[in-house]
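Peer 1: the following block contains a protein sequence and its predicted model.
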Amino acid sequence: NAGVTQTPKFQVLKTGQSMTLQCAQDMNHEYMSWYRQDPGMGLRLIHYSVGAGITDQGEVPNGYNVSRSTTEDFPLRLLSAAPSQTSVYFCASRGRSTGELFFGEGSRLTVL
Amino acid sequence: TQLLEQSPQFLSIQEGENLTVYCNSSSVFSSLQWYRQEPGEGPVLLVTVVTGGEVKKLKRLTFQFGDARKDSSLHITAAQTGDTGLYLCAGARSGKTGTASKLTFGTGTRLQVTL
């Protein structure tokens, strides 16, 4: 079972570059979300989506864009990377009938 | 603003010892979850508690939700090296379907169990 798949696993960017972190789930979950994880701060919600065509901001949305054109995919875009965006990013999905979040393996991003 | 504070932040113990991890907030949550995360992987759900005062046991792990639904604890009896990892609590607040889906994560407790 694939579950939640994130790519790439590692990425190094220079300040000002753009990139997209990909996230796909094969569980037909309506809810998908992106978190960033920094030492001593747990997981902080960036953006989330409750279904195709619907997205909303989390607690740290600045510098990130998302879209949800299909149920399966929820890409996270960094339009102009900054060193403060150096972090580990996790995508997670959840079905309607359960409160359990299923996470991908994470994408480690370094911005120089 | 971090709504969920966990303590301790780090814990290093020997196999066979007992430990308790705390998750505290000034906010009320409709439910609270505990996750465990191992290096290089995403968090994995251990338990969900939904009723104030609720106690759930998962083998050597005991989870409790505070009566006022503002805090929770995780107690591990006779810790094993396999318990090593980052433990995260996460609270959900009731509301509209969209807002109820948002989980607020705690700051995390990193546990290391050695032989």
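Peer 2: Cool, got the structure.
Peer 1: any idea how far the residue of chain A found nearest chain B is from A:Ser93?
Peer 2: Using CB to the nearest CB, the closest approach of chain A to chain B is made by A:Phe103 at 2.7 Å. Backbone N, C-alpha and C define where each C-beta goes, glycine included. Applying CB to CB, to the nearest Å, one obtains 8 Å for the distance of A:Phe103 from A:Ser93.
Peer 1: which parts of chain B are helices?
Peer 2: B:97-100 (DSSP state H).
Peer 1: flag every residue of it that's near chain A.
Peer 2: Within chain B, the positions adjacent to chain A are B:2, B:4, B:6, B:9, B:31, B:33, B:35, B:40-45, B:48, B:88, B:90, B:92, B:97-98, B:101-108 by CB under 8 Å from any CB of the partner chain.
Peer 1: which stretch of helix or strand covers the residue nearest the centre of chain A?
Peer 2: Against the mean C-alpha coordinate of chain A, by CA atoms, centre = their mean, the closest residue is A:Trp34 at 3.0 Å. If you go by DSSP states H and E, A:Trp34 is part of strand A:31-37.
Peer 1: which residues sit against that strand?
Peer 2: Contact with strand A:31-37 is made by A:21, A:23, A:25, A:43-51, A:58, A:60, A:64, A:66, A:68, A:74, A:76, A:87-96, A:101, A:106, B:101-102, B:105, as judged by CB atoms under 8 Å, 6 or more residues apart in numbering or on different chains.
Peer 1: using PDB, write out every CA atom in it.
Peer 2: Coordinates of each C-alpha in strand A:31-37 appear next as PDB, following Å, rounded to 0.1, in the frame of the first residue of the first chain:
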ATOM      1  CA  TYR A  31      -8.800  16.000   3.700                       C
ATOM      2  CA  MET A  32      -5.100  16.800   2.900                       C
ATOM      3  CA  SER A  33      -2.700  19.100   4.600                       C
ATOM      4  CA  TRP A  34       0.900  20.300   4.700                       C
ATOM      5  CA  TYR A  35       2.900  20.700   7.900                       C
ATOM      6  CA  ARG A  36       6.400  21.900   8.500                       C
ATOM      7  CA  GLN A  37       8.500  20.500  11.400                       C
END
